[in-house]
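[1] Kindly generate the corresponding structure for this input.
(chains A and B)
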Amino acid sequence: MRLLKYILSVILPAFALSYLALLFVNAGLKKQQNDFFGTFNHIANKSDKHDILIFGASIAKNNINPRVVDSVSGKSSFNCGIYGFGFVDSRILLESYLHSSHPKPTTVVYVMQPDWGRGRGHEITYALQFYPYANNNAVYETVSKYDDGIKLVKHLPFVALSKYNDHLKYSSLIPFVKKNHLRTGNYQGYEPIYGTVMNLKRFENATNITIKKDSKEISPVQQNNLESFCKVCKDNNIKLLLVFPCSYTTKIDTTVDRSFPALHQIVDKYNVQVMDYANLEMNMVKSNFFDLYHLNNVGADKFSAVLTKDILERSQKLEVRSAK
Amino acid sequence: MLFNSFEFLVFFPLVTILFFILPHKFRWSLLLTASCIFYMFFKPVYILIIFFTIIIDYFAGIYIERAATPEKKRKLLIISLIANIGVLAVFKYYNFLNSNLDGLLSVMGYTNPIPYLKILLPIGLSFHTFQAMSYTIEIARGNQKAEKHFGIYALYVMFYPQLVAGPIERPQNMLHQFHEKQNFNYKLMVSGLRLMLWGFFKKLVIADRISLVVDEIYRNTDSYSGPIIALGCMLFTFQIYCDFSGYSDIAVGSARVMGFKLMKNFDRPLISKNLTEFWRRWHISLSSWFSDYLYTPFVLAKRDWGKIAVVVGLLLTFSISGLWHGAGWTFVIYGALNGIVLVYEFLSKKFRKNLSKKIPAVIYNSSSNLLLFLFVSFSYIFFRSSDMHTAISMIKACGHHSSHSIMEQLQNLGLLPLSIIFTMIAYMHFIERKFESGIPKMDLQKPSLERTFSIVTLTLIIVLGIFNQQSFIYFQF
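    This is a model prediction of the structure:
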């Protein structure tokens, strides 16, 4: 009995202190404006109206500038791209957006990875990043299907911090430190990259980016993940565009089909449009690229303008068709 | 089973409760079963290797004791040692020796016909083999009676807290404890738990957190400049100290909870002023094993050589000690480097004593401590590197320049995690210095302070611990 009393007298205050630390860190997270937390804070807590939402991994975050999209289209857009994110993570973001006080977007752009069909074989990329938002129902419902850790975080909040270690890289977690400001050029989730590494040997030697035939097969997991993303858009009556973005090439080859034959089934089923930018002239200009797949700020602005014009054209055609 | 695993969180209280519930005569079988389960969590089949050495040494012990003449005792001891070293040779050193033969033959233009073994090194092999060897040696020396109870002897080799990474115990310290009845003792239990808590803190908060930084630096040597590489090497010294001494604290603590007393394995080695002192404070159970069974007998046998006996003894002992850690030239060099510096310290004793009188004590002591720390960190480059090529690249990288500023490189490693690491190292240093009599005895000094320590340490583990079940570095040996 005495031992039990001793153990409790140590454990209970330690749990209470850990919980206080968790509140402290969460307060810091909510001040983030950059990276994942910045994006998620905007999605979950703001009520701005965005007509166009952009999803995907780094090639979404770095390649599409909402400032250009907005000025060309006259609409409001937001870049929800997060480094390393796949279909499931993006779906969680989209669902959280739809569950928050934002009005529904009209268009969702999903920027596809070059090897999206094979993917990484797992369903959720960074479950850990969602832990601080375990109390958000949209987040919890989906993440808990793939990851048990979030259940622990939700029900035993005092142990949650042990799961946050990665996030401690962000000094802004400490709330009394001046909240982090957006870095130069960041705008509505977009993060520009400056300069280029295309003069490095390994990039100079790269001739043409083609997708090997064997990579055209879609893994069942990835097919399922893509379908679930498409379904959310369809259920909410949102137009979904799957975009195959620019990648550096030395020659334009119109025979390359990056849309994967198996993709057509999904496209037909969910009424999704595919846009392929493998053959843009700007893909042959090194100074547009940071590396083979990532545009720098100059390239991103050019590509954003091209993409927005295409989006507008397609919606006009659709409007005409539906009017007829 | 890892101490820092969910399984151990269930295993440990269960075994402890059952231990105190069961009558004394059944306790050895409970502990032996628990130890088998503990070991079999790693790779079940390797338990057969332990059984093999247990059977050999159990009978060797009895026959050595019964042997009528010292000559016969010696022969039996040699048979037992060959069996133990043979197990080590096959499982740990066979492929290493074969690869060296490979290299040698290829230089001579031949191909090596001997095949490599495709086996994993059994966890903690060097630890339990050395513990088993100390048993037969002590019997042959007449310091210990042979254990007649097979189960108790098996438990001596397999006792789960120290089975996979020590402390390497002596039969005189352990065997009688398994025969004695351990009663529930509140004070012992609390002090054991407290020591375990401290061990978990060192492992989960400091060692595993540092490993994120050190692994990143070792993986991407090209991306970092010399000062950052050097920082990584120095951090590794703290990592290995916290990893290994953390393990030892958990081992000693978990044994203490059940009333068993294991030997102290670390005594704040990083505050040492010279390497001789360092090895008296670092991995004490191994240092004393080598001292008792290799170095001292060698020096005594060759005492007519004078100082040369000590020099040869040190170089031999530390080269073998290096090889004990791992089958690779990096470990041999790690050991030999330590041996060379110890030889220097032995030969320059008088000179250093005179020097210490001429320089103010504070300056002499702190510069000695700093020099020792730098040397230890340097020698650990060989310890940490997977091969000689990596070790040499790391040393060369200490002169690297980078296009990024030091601050940018630190930012890449994470300024906040680095600050946490340094703060936690300072906390560890403060606590270990404050309670020099030892963490377990701190309640004798001030009970309220002890409770505050436990609460703060547990909170730090919960908040800053890394729970990815990272293995202990010394398990591989």
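
[2] I'd like the mean pLDDT over stretch B:357-366, please.
    Across stretch B:357-366, pLDDT averages out at 88.

[3] Now find how far off-centre that stretch is within its chain.
    32 Å (C-alpha atoms, centre = their mean, to the nearest Å).

[4] likewise stretch B:260-276?
    11 Å.

[5] Pull out the buried residues from it.
    Neighbour-count burial for stretch B:260-276, counted by 16 or more other C-beta atoms under 10 Å in any protein chain shown, picks out B:260, B:262-263, B:265-267, B:269-275. (Each C-beta comes from the backbone N, C-alpha and C, glycine too.)

[6] what about that stretch, start to end distance?
    Using C-alpha to C-alpha, to the nearest Å, the end-to-end distance of stretch B:260-276 comes out at 30 Å.

[7] which residues touch the spatially most central residue of chain A?
    The geometric centre of chain A, computed from its C-alpha atoms, lies nearest to residue A:81 (C-alpha atoms, centre = their mean), at 2.9 Å. Each residue near residue A:81 by C-beta atoms under 8 Å, 6 or more residues apart in numbering or on different chains is listed here: A:54-62, A:64, A:111, A:189-190.

[8] before we move on, what SS does it have?
    Under DSSP: H, G, I helix; E, B strand; the rest coil, residue A:81 falls in the coil class.

[9] where does it fall, phi/psi-wise?
    The phi/psi pair for residue A:81 (degrees, to the nearest 10) reads phi -60, psi 140.

[10] And it, what's its pLDDT?
    Residue A:81 carries a pLDDT value of 91.

[11] Out of the buried residues of stretch B:260-276, flag the one nearest to residue A:4.
    Closest approach to residue A:4 among those (C-beta to C-beta): residue B:260, at 22.1 Å.

[12] For the closest one, give me phi and psi.
    phi -90, psi 140.

[13] picking up where we left off before, between the buried residues of stretch B:260-276, which is closest to chain A?
    Nearest to chain A out of the buried residues of stretch B:260-276 is residue B:260 (C-beta to the nearest C-beta; 17.5 Å).

[14] Point me to the helix or strand that includes the residue of chain B most remote from its centre.
    For chain B, the largest distance from the centre (C-alpha atoms, centre = their mean) belongs to residue B:109, which lies 40.6 Å off. Following DSSP states H and E, one finds residue B:109 outside all helices and strands.

[15] any idea how far residue A:230 is from it?
    65 Å (C-beta to C-beta, to the nearest Å).

[16] Residue B:247 too?
    According to C-beta to C-beta, residue B:247 and residue A:230 sit 51 Å apart.

[17] Which of those two has more residues huddled nearby?
    Comparing residue B:247 with residue A:230 by other C-beta atoms under 10 Å in any protein chain shown, the one with more neighbours is residue B:247, at 29 against 22.

[18] Please spell out which residues along the helix or strand encompassing the more buried one are buried.
    Using DSSP H and E, residue B:247 sits within helix B:226-257. By 16+ other C-beta under 10 Å, the buried positions in helix B:226-257 come out as B:228-257.

[19] And the closest residue to chain A within the stretch 251-400 of chain B, what's its pLDDT?
    Closest residue of the stretch 251-400 of chain B to chain A, C-beta to the nearest C-beta: residue B:257 (10.0 Å). Note for residue B:257: predicted pLDDT of 92.

[20] And the strands in the chain, which stretches?
    Unless you meant another one, I'm taking chain A. Applying DSSP state E to chain A gives strands spanning A:52-55, A:77-79, A:107-111, A:239-244, A:273-276.

[21] Hmm, no, I was thinking of chain B.
    With strands called from DSSP E, chain B shows none.

[22] Alright, I will stop here.
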